[in-house]
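> 3D model of this:
(2 chains)
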There are 2 protein chains.
Amino acid sequence: MLPRGRPRALGAAALLLLLLLLGFLLFGGDLGCERRKRGGRAGAPGCFPGPLMPRVPPDGRLRRAAALDGDPGAGPGDHNRSDCGPPPPRPSKCELLHVAIVCAGHNSSRDVITLVKSMLFYRKNPLHLHLVTDAVARNILEMLFHTWMVPAVRVSFYNADELKSQVSWIPNKHYSGLYGLMKLVLPSALPTELAHVIVLDTDVTFASDISELWALFAHFSDTQVIGLVENQSDWYLGNLWKNHRPWPALGRGFNTGVILLRLDRLRQAGWEQMWRLTARRELLTLPATSLADQDIFNAVIKEHPGLVQPLPCVWNVQLSDHTLAERCYSAASDLKVIHWNSPKKLQVKNKHVEFFRNFYLTFLEYDGNLLRRELFGCPSQPPPGAEQLQQALAQLNEEDPCFEFRQQQLTVHRVHVTFLPHEPPPPRPHDVTLVAQLSMDRLQMLEALCRHWPGPMSLALYLTDAEAQQFLRFIEASPVLAARQDVAYHVVYREGPLYPVNQLRNVALAQALTPYVFLSDIDFLPAYSLYDYLRASIEQLGLGSQRKAALVVPAFETLHYRFSFPHSKVELLALLDVGALYTFRYHEWPRGHAPTDYARWREAQAPYRVQWAADYEPYVVVPRDCPRYDPRFVGFGWNKVAHIVELDAQEYELLVLPEAFTIHLPHAPSLDISRFRSSPTYRDCLQALKDEFHQDLSRHHGAAALKYLPALQQPQSPARD
Amino acid sequence: MLPRGRPRALGAAALLLLLLLLGFLLFGGDLGCERRKRGGRAGAPGCFPGPLMPRVPPDGRLRRAAALDGDPGAGPGDHNRSDCGPPPPRPSKCELLHVAIVCAGHNSSRDVITLVKSMLFYRKNPLHLHLVTDAVARNILEMLFHTWMVPAVRVSFYNADELKSQVSWIPNKHYSGLYGLMKLVLPSALPTELAHVIVLDTDVTFASDISELWALFAHFSDTQVIGLVENQSDWYLGNLWKNHRPWPALGRGFNTGVILLRLDRLRQAGWEQMWRLTARRELLTLPATSLADQDIFNAVIKEHPGLVQPLPCVWNVQLSDHTLAERCYSAASDLKVIHWNSPKKLQVKNKHVEFFRNFYLTFLEYDGNLLRRELFGCPSQPPPGAEQLQQALAQLNEEDPCFEFRQQQLTVHRVHVTFLPHEPPPPRPHDVTLVAQLSMDRLQMLEALCRHWPGPMSLALYLTDAEAQQFLRFIEASPVLAARQDVAYHVVYREGPLYPVNQLRNVALAQALTPYVFLSDIDFLPAYSLYDYLRASIEQLGLGSQRKAALVVPAFETLHYRFSFPHSKVELLALLDVGALYTFRYHEWPRGHAPTDYARWREAQAPYRVQWAADYEPYVVVPRDCPRYDPRFVGFGWNKVAHIVELDAQEYELLVLPEAFTIHLPHAPSLDISRFRSSPTYRDCLQALKDEFHQDLSRHHGAAALKYLPALQQPQSPARD
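You can find the predicted model right below:
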């Protein structure tokens, strides 16, 4: 409701002018501050950023432990609250904010994602993340951000291993290891055109908009280059125990979990030399750093106090066991950034830890898909692939009865590969990885699977963010699973109503690191000897090198979920004879495995070749570079069958192994099979997908694809899963 | 970091004084506004609340559609943004804020919870919710808030049915029905000591701290009583179609999804008479209200424009199909409250709907348990029961190997009864409700269960907030399930690592509305005739009235998950004879059902009495007031057995019904049973629970409990679920 008419407009203009003038007087700009600084007029109201900011005396030296001492009631907490003074100027609406994070390994990669979620939840600005990573973290985070497709977020990676030599000479006792020291070399590691950056530890959580933090750069004087929050423990006071000798620091020192870096000025000021000199000198009398980069930052600052701009303590609320953080915040509304800087992390003891933990869990379990929301109001380049995806989705017809299927096929799922620590298998020429996919309702299969398959596995898990945490706890609670470093778990985040079975298989397949893969399903337990037997067979048959073949592992099933697993083919045949085992889907869908020719298998002493036939869907071992599964098949039906058709079309021989077997355990029917059974639309859509699959097949294989036409046109039995 | 030393303190004091003075000059207070209002000095900068607030001309009349017309770029959006002016004064840190919501029925109750979650997520103040509800919503919300135990939230209920007569004379065409009109009578319905209240529709979502909205009360002039946001559609302009005759309004009128009410002044000003007079007069020429209370509020305001304080449009961003809301916000950071005021709700078409929908889904699926976080800094009375709970939890020993069990037993789960629309069964003296509990992995059982049991059911579902939404979609997608109004679903929200099986059973049992209950498990399908047969048997046996008995329904199992369900006892016996069916747990744990005496059942023509024996756990029919399950048994083991012990101890006869049967379908072992099998601690803890159970039993039943001692001391077989 704009004021209308001349008198009112004039009034408004006058008001605006007055506001501007007062704003300038009260809050100043760099200019105002500079003037004061040079003139040294401390105490004048001209250039302090208001009660929000801690004060630095005119000589640039920080008073010893000024922030955390004194009366807690009227203490620094009150001076850090955001409701007691004019807020600092915000960055302009669409200004790009830069954030740097050092991240190495599987566990830190998970932490970074939680941090990023909290940041994205509150952010209002485009962000550029600068991630200094080792190879493991890069592999994880590159895929994650690529599939996350968050608008207005750019990500650049920097090779931490290349920076190692710059810090590896520093003896360091902190749990963060060498990577903990890398924040020191950011001014040279980050692009020279980058002038400002916020540096974050992986164990911080945002409770506010990061642009408020970025705005604090405006309060730096001309000589200040590093913004830091005071340390909220007595560590640097050096009185924690007898002979406790911390590195030198001003008073309580500063915590480096959250840093504002003026990179341009640091480079000009010769930062690289400065910190090295200080570190070398201190290391003459001190054996090692205890707190990694933080010790060195503090030693440099002790020497050059003018470099530091102290930040309000709410921007790095430190939750260590004996934290003094409580003096900083007095209410939940004060918190801006929470820092889990105890090695105990969420298990730390603290009066308000329940509150902080809930806050952290909020983002840990937050559905990251929801953060794909557009940052509207700020034009930004869409993430790679996002535009094509939007177009494809826009072309779908909501009235199409198969709309759900088509939408599900197009869905780009967020993918977090190697969610848990994982050791890649040593390179062995005939090694084989078991590949499968599952969701929460099959977690209880994992222990048994580990007992049956002692080799590497690559498993895709279809989970929500919250379920991923349940999964993590499940693994940690199982000694069998926790001991296995050769099982790679890849989390594919849930989105949409249909189970994207073939997309999941492809994720697991793409992450298999051995030359061969055993394409299995989670409800099957392989023979105890299968891993060894397959490797021997691969070698013997020259699979991949001499022979383009898929090795068939015959499938059986038990109807009892407690049964005695056969230790040999002889035992298996005996169970088969007494009806304790059946060939797989013997009652419901024998066509699926009929070509395996179980009668011949009983007697076989050597691998034998079988011919493809309609609906054949054996479990096979193939070279890792085999065709991918067709992602159009989502939910129930035809997902494996289509893959075997493709193998046959590409002229893979089908060789049945005489000593191999795998056994299906009983389970309740999946939701998808229930839907398939009850919905004619579901069956019609599956037929439509099969038709389209055959069109593509004809396009690639020409007349050879004709062979598969009858198989594709026959109605699907509703009796399989 | 407090400034130290005299000169700096003086400087700071001077700064503060200057700020206060300028604040007063610039933003005024009630006093300032009043002065200007009376003097009519329009355009003077003295008393506008800054650019945040739309302007009202001095005569109190709102310019026609002032806010949404004109250049959208420089339009009202810019004037509503929070980053372009000083913020309004916040309420003091711990001020109690009052919120009123009218809510009726099952679906609105779900909506209210999402609204409340968004409000709690951002709130920094204690809240008092005033809920005007029908009996259904009250039943749901009372239980929900009671079990939610959110600190610093008080809830009062008001009976909507008692208010009906005050508005039922108004013909109304809006989809909200009679309840939509009830906002009009809040000044008399709410306690007289309540002076200010924020009134919300159930379809709004907060994107900011509600205290910012509350702060706008401070901008009311002495005569203003209602704060409202302008309507963001052209409805009231009356030009949407030919002969479109909306109710009278100032320009585009106001939207009543978010209202600030000065109740004290409304009462003084004779609001009750005022709106009735206006409504009666308009209804002489208009047939009915189209938009419920909103039409009447607008008609009153048209007559008395001085009553209204227009609020910034960001406090009610209206997402209807042809909304002009886009002119209001220009960036995500502007949004304060989102209003889904289209009947299409989330399916509304709108340029930014994807953003808004993600935002809504955030709270829809948000884990409400995380909102139990303490509002620290504000002392508040803990919710009922919270203190005892805290004490009990504090007494647990984290080193106790059974800590997890004990913690799980003490957990108060949030409970949302009748999550979906539900028709209570008509009162029938021998009616029986099937009672069971499940989690997501058993949803696929529901359709079959509905086919087998045509009577009422009370089912407890153990779900996360996100799963509850998946469940909702699952039901909506199933014609079989959507058609059943006699199945009550009660959501118990997940918390903790162990499945609280007996707590779930007790929730379902407490919500059963018939005189008898059939205590079943979700993996069982009852005989098609069981519902009728049970009712007949109850009548015949005089269960409850003449005879204190539990009727045993013999249990069987199939190992095939596709099998032909027997239509009679004869068919069942035939299947049993050919080995297609077994008596339940025949292979693994025959003791559980041995006392049922299947051999006798084969031949039985009449109900026969059996004696309790160790480990007996039959499925029984009992009067609704039967003993509750013992909630100490969580996870796997002894949960049903203990209940049968209690029935026997209370001298219930055990009568086996000759024609009744129920059949267990196969499923994979649950996670809990897997843990039980692999963990000796789990078994030890179960034994400890059994010992404690027996101590309690002895306390209640004295020497009679001795009978159960051997049963409680024998080791538990690991072979059951």
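> C-alpha only now, for contacts and for neighbours.
Noted.
> Look up which residues are beta-bridged to residue A:226.
residue A:261, residue A:308 (DSSP bridges).
> now do residue A:196
residue A:262.
> so it makes contact with residue A:262?
Yes. If you go by C-alpha atoms under 8 Å, residue A:196 and residue A:262 touch, sitting 4.8 Å apart.
> Would you mind giving both backbone torsions of residue A:489?
Dihedral pair for residue A:489: phi -110, psi 130, per degrees, to the nearest 10.
> Show the contacting residues for it.
Listed by C-alpha atoms under 8 Å, 6 or more residues apart in numbering or on different chains, the contact set of residue A:489 reads A:417, A:418, A:419, A:420, A:458, A:459, A:460, A:461.
> give the contact list for the closest residue to the first one other than its chain neighbours.
The spatial neighbour of residue A:417 that comes closest, neighbours along the chain excluded (C-alpha to C-alpha, 6 or more residues apart in numbering or on different chains), is residue A:490 at 4.2 Å. The neighbours of residue A:490, taking C-alpha under 8 Å, 6+ apart as the test, are A:415, A:416, A:417, A:418, A:419, A:458, A:459, A:460, A:461, A:507, A:508.
> now residue A:406
A:396, A:632.
> Can I take it that the residue nearest to residue A:417 is in a strand?
Yes. Per DSSP: H, G, I helix; E, B strand; the rest coil, residue A:490 lies within a strand segment.
> Tell me how far it lies from residue B:535.
Separation of residue A:490 from residue B:535 (C-alpha to C-alpha, to the nearest Å): 52 Å.
> Check which residues of the helix or strand containing residue A:274 are buried.
Assigned by DSSP states H and E, residue A:274 belongs to helix A:271-282. Across helix A:271-282, burial judged by 16 or more other C-alpha atoms under 10 Å in any protein chain shown covers A:271, A:272, A:275, A:276, A:278, A:279, A:282.
> For the stretch 351-500 of chain A, which residue gets nearest to chain B?
residue A:377 (4.5 Å; C-alpha to the nearest C-alpha).
> What does the pLDDT read for that residue?
Looking at residue A:377, its pLDDT is 75.
> Now do the contacts for residue A:386.
Contacts of residue A:386 by C-alpha under 8 Å, 6+ apart are residue A:149.
> List phi and psi for it.
According to degrees, to the nearest 10, residue A:386 has phi -70, psi -40.
> So what's the predicted local confidence for it?
pLDDT, read off for residue A:386, is 86.
> so how far is residue A:553 from it?
Distance from residue A:386 to residue A:553, by C-alpha to C-alpha: 40 Å.
> can you give me how far stretch A:148-157 is from the chain middle?
Between the centre of stretch A:148-157 and the centre of its chain there are 13 Å (C-alpha atoms, centre = their mean, to the nearest Å).
> what about the stretch 301-450 of chain A, any weak spots by pLDDT?
In the predicted model, the stretch 301-450 of chain A carries pLDDT under 70 at residues A:331-333.
> So which residues on it come close to chain B?
A:330-333, A:352, A:354-355, A:358-359, A:361-362, A:366-367, A:370-371, A:373-378, A:441, A:443-444 (C-alpha under 8 Å from any C-alpha of the partner chain).
> Restricted to helices, list the residues you listed.
A:354, A:355, A:358, A:359, A:361, A:362 (DSSP state H).
> mind putting those residues in CSV, neighbour count included?
Below are those laid out as CSV (neighbours: other C-alpha atoms under 10 Å in any protein chain shown):
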residue, neighbour count
A:354, 17
A:355, 19
A:358, 19
A:359, 20
A:361, 17
A:362, 21
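> possible to save these as CSV with distance to residue B:525?
Formatted as CSV, those follow (distance: C-alpha to C-alpha, whole Å):
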residue, distance to residue B:525
A:354, 43
A:355, 45
A:358, 40
A:359, 43
A:361, 39
A:362, 39
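> can you tell if the helix or strand residue A:145 falls within touches chain B?
Assigning secondary structure by DSSP H and E places residue A:145 in helix A:135-148. No. If you take C-alpha under 8 Å from any C-alpha as the test, helix A:135-148 misses chain B, and the best it gets is 14.6 Å.
> Name the residues that touch stretch A:551-559?
Taking C-alpha under 8 Å, 6+ apart as the rule, stretch A:551-559 contacts A:580-585, A:593, A:596, A:598, A:618-622, A:654-657, A:660-666, B:559-560.
> which one of the contacts of residue A:489 sits closest to residue A:209?
residue A:419 (27.9 Å; C-alpha to C-alpha).
> Residue A:705 versus the closest one, what's the distance?
Taking C-alpha to C-alpha, one finds residue A:419 at 40 Å from residue A:705.
> can you check residue A:261 too?
With C-alpha to C-alpha as the criterion, residue A:261 and residue A:705 are 62 Å apart.
> And the two? Which one has more around it.
residue A:261 (23 against 19; other C-alpha atoms under 10 Å in any protein chain shown).
> Check the more buried one and give its pLDDT.
For residue A:261, pLDDT reads 98.
> shaky segments in chain A?
Residue ranges of chain A with pLDDT under 70: A:1-89, A:331-333, A:561-562, A:668-678, A:714-721.
> Wait, residue A:133 touches residue A:106, no?
No. With contact defined as C-alpha under 8 Å, residue A:133 and residue A:106 do not form a contacting pair (10.9 Å).
> Kindly check the end-to-end length of stretch A:91-99 for me.
End to end - C-alpha to C-alpha - stretch A:91-99 spans 15 Å.
> From the chain's centroid, how far away is that stretch?
Relative to the centre of its chain, stretch A:91-99 is centred 24 Å away, using C-alpha atoms, centre = their mean.
> neighbouring contacts of stretch A:439-453?
With C-alpha under 8 Å, 6+ apart, stretch A:439-453 has contacts from A:434, A:461-463, A:467, A:471, A:480-481, A:522-523, A:525-531, B:441, B:669-671, B:674.
> Swap in 7 Å and give it another go.
Residues outside stretch A:439-453 that contact it (C-alpha atoms under 7 Å, 6 or more residues apart in numbering or on different chains): A:461-463, A:480-481, A:525-528, A:531, B:441, B:671, B:674.
> okay, those in a markdown table with neighbour count next?
Output for the contacts of stretch A:439-453, formatted as a markdown table (neighbours: other C-alpha under 10 Å):
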| residue | neighbour count |
| --- | --- |
| A:461 | 30 |
| A:462 | 24 |
| A:463 | 20 |
| A:480 | 14 |
| A:481 | 18 |
| A:525 | 26 |
| A:526 | 25 |
| A:527 | 22 |
| A:528 | 20 |
| A:531 | 21 |
| B:441 | 16 |
| B:671 | 20 |
| B:674 | 17 |
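> okay, the residues you listed in CSV with secondary structure and distance to residue A:686 next?
Listed next are the contacts of stretch A:439-453 as CSV, based on DSSP: H, G, I helix; E, B strand; the rest coil; distance: C-alpha to C-alpha, whole Å:
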residue, secondary structure, distance to residue A:686
A:461, strand, 24
A:462, strand, 22
A:463, strand, 24
A:480, helix, 40
A:481, helix, 37
A:525, strand, 29
A:526, strand, 30
A:527, coil, 33
A:528, coil, 36
A:531, helix, 35
B:441, helix, 24
B:671, helix, 33
B:674, helix, 36
